[in-house]
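>>> whatever this is, show me its structure:
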Amino acid sequence: MGRPAQGCATGPCPRRRDELRAPALLILGLNAFHADAAACLVRDGRLIAAAEEERFRRIKHWAGFPGEAVRWCLADAGVSLADVDHVAINQDNRANLLRRAGYLIRSRPRLSLIAERLTMRRQRMSIAEHLEKALPGQRFSGRTHAVEHHLAHLASAFLVSPFEDAVAVSVDGFGDFASAAWGVGSGAAI
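Residues are numbered from 1 along each chain as shown. Sure thing, here's the model as predicted:
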């Protein structure tokens, strides 16, 4: 009988190389509270599920929280909300603050518009609550990350692509007070 490998005294020793790897990193990506709400699930940098909420609600360009899309992605991957390590939402309230302030000073928008934006901001701040409401009995204990709108577009295209290096471009109607962005992706960075 041979000696146990170092570190095996506390439990079973891994027999295969892939058993030595760290547990999978599971990220839930959300496009929420504006047109074309959707969800995707990425495991260790590989896209494993994605769905647009309009497919379940049968309303084109549905805007709101993509609860049904989240439910489908988790079921398709065979995981629960408790397995999710991180949630990324494609809007960052802190992005382009100076441009936003300049707009408020120059245009003096209606108070109802400002109130609507503040309501939307509060909705985005309670993503864990939205998840738990959409998936009763499940708990989310991971971290939530607000990602600038166009950076989210760039990341969703580059980070799950087969390319080690690439240029990524986002041209969109409007998101986080910008309408376009570009970046150079290399490895896991943009």
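>>> doesn't Pro66 make contact with Arg57?
No: using CB atoms under 8 Å, Arg57 is not in contact with Pro66, being 9.3 Å away. The way it works is simple: take the backbone N, C-alpha and C, and place the C-beta from them, glycine included.
>>> so which of those two has more stuff around it?
Pro66 (28 against 15; other CB atoms under 10 Å).
>>> now do the strands in the protein.
26-31, 38-43, 46-52, 86-89, 143-146, 165-175, 178-186 (DSSP state E).
>>> what's the spacing between the fourth one and its chain's center?
A distance of 4 Å separates the C-alpha centroid of strand 86-89 from that of its chain, computed with CA atoms, centre = their mean, to the nearest Å.
>>> pull out the buried residues from it.
Val87, Ala88, Ile89 (16 or more other CB atoms under 10 Å).
>>> how close does the first one get to Leu47?
The one in question is Val87. According to CB to CB, to the nearest Å, Val87 stands 16 Å off from Leu47.
>>> TSV for the strands of the chain, including mean pLDDT?
Shown next, in TSV, are the strands of the chain (pLDDT from 0 to 100):
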stretch	mean pLDDT
strand 26-31	95
strand 38-43	95
strand 46-52	95
strand 86-89	93
strand 143-146	90
strand 165-175	81
strand 178-186	83
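>>> mind putting the ones you listed into TSV with distance to Leu135?
Listed next are these as TSV, based on distance: least, CB to CB, whole Å:
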stretch	distance to Leu135
strand 26-31	11
strand 38-43	11
strand 46-52	14
strand 86-89	12
strand 143-146	15
strand 165-175	27
strand 178-186	32
